[in-house]
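>>> Predicted model, plus sequence, below.
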Amino acid sequence: TQTPDQITVADNNATELGVKFQANITGNIKGIRFYKGSSANGGTHTGSLWTQSGTLLASATFTGETASGWQQVLFSTPVSITANTTYVASYYAPQGNYSRSNDYFETSYSNGNSLTGLAWTVSEPNGVYEYSAGGVFPNDNFGEPNYWVDVVFAGNVNAPSSTTCTANGVVLGGGTG
């Protein structure tokens, strides 16, 4: 039920926004979610999953979006991930105007089950972005923001069959955001 501190940041730049996370068990990333604050965050959005070094693993285009709230897209094929490995989940906001909470990743956040949004460090900042005219790997950072990007995760070992986790590790389920 958490929502961003800033529902809509008045930034009209096309931006890829992301979060670094790890799972403590192997599993599959089935898709990406993001919090949309208003219709000002318009245009065609894409969700992407990347390795920590910037290799694109999967992407998909969001369809049937609502004017605001949580948006979700599933990949055509789930992506297998390895436990205790860092990945980046992101979405492309072609008209900017994204949601954000500042100074969010001062600590890591876990859903208490299988996913963790990583704490910001000098060598591994979290809350990443990249200004671009097309979706690219988000590698820039300013502060410790949460851009409210999520993954849809299905764990392989002693985990629920499907868990949706925000960047801060809170289990959302059912799109209640």
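Ah, there it is. Bear in mind that the values here come from a model prediction, so they are computed numbers and not experimental data. Numbers count the residues shown, from 1 in each chain.
>>> Pick out the residue nearest the middle of this protein.
Closest to where the C-alpha atoms of the chain average out (C-alpha atoms, centre = their mean) is Val149, at 2.4 Å.
>>> And that one, its phi and psi?
The phi and psi values for Val149, taken as degrees, to the nearest 10, are phi -110, psi 140.
>>> who touches it in this structure?
If you count contacts by C-beta atoms under 8 Å, 6 or more residues apart in numbering, Val149 has them with 17-19, 32-34, 89-91, 167. C-beta here means a position set from N, CA and C on the backbone, and glycine is covered the same way.
>>> Ala10 reaches Asn97, doesn't it?
Yes. Between Ala10 and Asn97 there is a contact under C-beta atoms under 8 Å: 6.8 Å.
>>> which of the two has more neighbours?
Remark: of Ala10 and Asn97, Asn97 carries more neighbours, 21 against 8, as counted by other C-beta atoms under 10 Å.
>>> For the more buried one, give its distance to His45.
Counting by C-beta to C-beta, to the nearest Å, the separation of Asn97 from His45 is 12 Å.
>>> ditto for Gly117
20 Å.
>>> Those two - which one has more neighbours?
Applying other C-beta under 10 Å to Gly117 and His45 shows that Gly117 carries more neighbours, namely 29 against 22.
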